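Undergrad: Below: sequence and its predicted model.
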Amino acid sequence: MTTVTRTTLHNLVWTKHMEEVGDDLSVPTGTIIALCREYDIPIPPPHYWRMIANGSPAKRRALPTGQFRRNQLVQIGSHMEPVFSQGGLSTSGASAKEPIHATTPVEVTDPVAIAIQKELRRSTVAGDVHQRSGLTRVDIGRDSIPRAANLIASLKAAVAERLWSVAIDAQGGVAIDGEKVELQLSEGYALSPHTPTAAEIRDFRSYGRSIPEHDHIRSGLLQLSITNATYLGVRQKWADGKRQRIEDVLTSFLAGIERAAAALKQRRIEREERERQWAEEQRRREEQERLEAIDRVRGARFKEQASAHQQARQLQAFIEAVKSRLIRGSEHEAEIQEWIAWAEDYVGRKDPLNRGLPILLSDEDALRLRWQYPDR
């Protein structure tokens with residue numbers, strides 16, 4: 001076992017290649033990387049040594065002192081010795097896959113909870129449970145299945161006691177007074193220091209690929225939430241904390257469901273009222289447009305008739321002027337009389353009053369003709 005200070009290890013990794021540092025300290029490269037991350041010691045990026053080889057000035061990152069002292073001792077070879085196995089490189093200490101918040105074993109004895117536990121286990125994929133049907137959606141890790149089964153069984157009993165109905169769609173939830181409240185039981189994630197695998201170390205050496213600093217693992221902390229009550233002014237989340245577990249606040253959660261249902265109902269009523277007002281406004285606009293279209297067509301036809309009558313009167317006045325100037329026995333009297341006959345017939349056909357007095361267009365006829373008289 002070798003003991004060095006953070007400052008010494010910082011100087012080593014920035015003055016030598018990581019493989020050389022590992023050889024000097026008689027440990028694998030992955031152990032050096034893991035120790036640097038554990039003690040907040042920055043390591044050179046993959047392109048650092050290429051820049052040095054090309055003559056660029058060495059710019060190392062300063063050693064942070066927020067979490068550890070500069071002279072903090074680092075023991076090498078005691079608890080971070082890497083062990084190669086079929087699964088890759090791991091540490092000989094506690095497994096990084098264990099939950100951050102260890103929980104005591106949970107017994108499942110209720111028959112309903114046992115059935116739920118079996119169903120959750122059948123839904124397990126890659127160590128996680130993602131279920132989107134029934135009373136609540138579920139998003140948890142495999143280790144939390146017993147506790148989740150007891151929680152869901154308690155919720156089912158409380159829902160049945162209050163005569164609420166369980167939603168039958170794929171979202172999960174309960175129906176209260178005609179309002180559906182969607183529920184979810186979820187488990188959060190925590191960051192755990194990542195121990196590089198043999199493949200990651202090989203890729204880092206060969207291609208400069210970065211190695212993740214943390215693994216995302218299930219935290220063991222559960223949360224009950226109402227997922228469709230956003231922006232309603234009601235509480236939406238009940239979670240494990242330092243002094244409470246969600247089993248202790250189920251009564252508060254059930255009361256929150258009732259408040260959410262009331263808020264959803266109020267929002268639905270307000271939305272329906274807005275939609276009714278919008279529909280009424282739309283109906284009034286359409287009726288106004290209909291009346292304006294009818295009036296526009298009738299007015300246009302009225303103007304056409306008045307214009308035609310005025311034109312006919314002007315033409316008739318011209319005919320009368322021609323008659324007054326006609327000289328009997330003139331050279332072209334026959335031709336002029338022929339023109340007068342045609343002109344009087346033409347005027348008679350053009351004057352709308354000769355076809356009868358005007359009548360009001362019906363609403364249907366006016367609407368049918370509105371495309372001939374667009375609003376300009």
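TA: That came in fine, so what should we check first?
Undergrad: tally of neighbours for the nearest residue to L221 once chain neighbours are set aside?
TA: The shortest distance from L221 to any non-neighbouring residue, by CB to CB, 6 or more residues apart in numbering, is to D240 (4.3 Å). Quick note: C-beta positions are derived from backbone N, CA and C, even for glycine. When neighbours are counted by other CB atoms under 10 Å, D240 registers 22.
Undergrad: so D240 touches V249, yeah?
TA: No. If you go by CB atoms under 8 Å, D240 and V249 don't touch, sitting 9.6 Å apart.
Undergrad: so where do the helices sit in this structure?
TA: Along the chain, counting by DSSP state H, helices occupy 6-15, 18-25, 29-38, 48-53, 111-122, 145-161, 198-207, 250-325, 333-350, 363-368.
Undergrad: Turn those into JSON lines, including mean pLDDT, mean neighbour count and distance to T230.
TA: Putting those into JSON lines (pLDDT from 0 to 100; neighbours: other CB atoms under 10 Å; distance: least, CB to CB, whole Å) gives the following:
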{"stretch": "helix 6-15", "mean pLDDT": "91", "mean neighbour count": "18", "distance to T230": "46"}
{"stretch": "helix 18-25", "mean pLDDT": "86", "mean neighbour count": "16", "distance to T230": "48"}
{"stretch": "helix 29-38", "mean pLDDT": "86", "mean neighbour count": "21", "distance to T230": "38"}
{"stretch": "helix 48-53", "mean pLDDT": "82", "mean neighbour count": "13", "distance to T230": "47"}
{"stretch": "helix 111-122", "mean pLDDT": "94", "mean neighbour count": "16", "distance to T230": "27"}
{"stretch": "helix 145-161", "mean pLDDT": "94", "mean neighbour count": "19", "distance to T230": "21"}
{"stretch": "helix 198-207", "mean pLDDT": "81", "mean neighbour count": "14", "distance to T230": "40"}
{"stretch": "helix 250-325", "mean pLDDT": "95", "mean neighbour count": "13", "distance to T230": "10"}
{"stretch": "helix 333-350", "mean pLDDT": "93", "mean neighbour count": "13", "distance to T230": "71"}
{"stretch": "helix 363-368", "mean pLDDT": "94", "mean neighbour count": "14", "distance to T230": "46"}
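Undergrad: With distance to K180 added, can I get these in TSV?
TA: Compiled in TSV, these are given as follows (distance: least, CB to CB, whole Å):
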stretch	distance to K180
helix 6-15	56
helix 18-25	57
helix 29-38	47
helix 48-53	57
helix 111-122	21
helix 145-161	13
helix 198-207	47
helix 250-325	8
helix 333-350	71
helix 363-368	44
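Undergrad: Nearest to G356, out of these?
TA: Of all those, helix 250-325 sits nearest to G356, with 11.2 Å by CB to CB.
Undergrad: packing partners for the closest one?
TA: Helices and strands touching helix 250-325, by 3 or more CB pairs under 8 Å, 6 or more residues apart in numbering; DSSP states H and E, are helix 145-161, strand 173-176, strand 179-193, strand 214-226, strand 237-239, helix 333-350, helix 363-368.
Undergrad: The longest one relative to helix 250-325, how many degrees between them?
TA: Regarding helix 333-350 and helix 250-325, their directions subtend 160 degrees when assessed with axes from the mean of the first three to the mean of the last three CA atoms, to 10 degrees.
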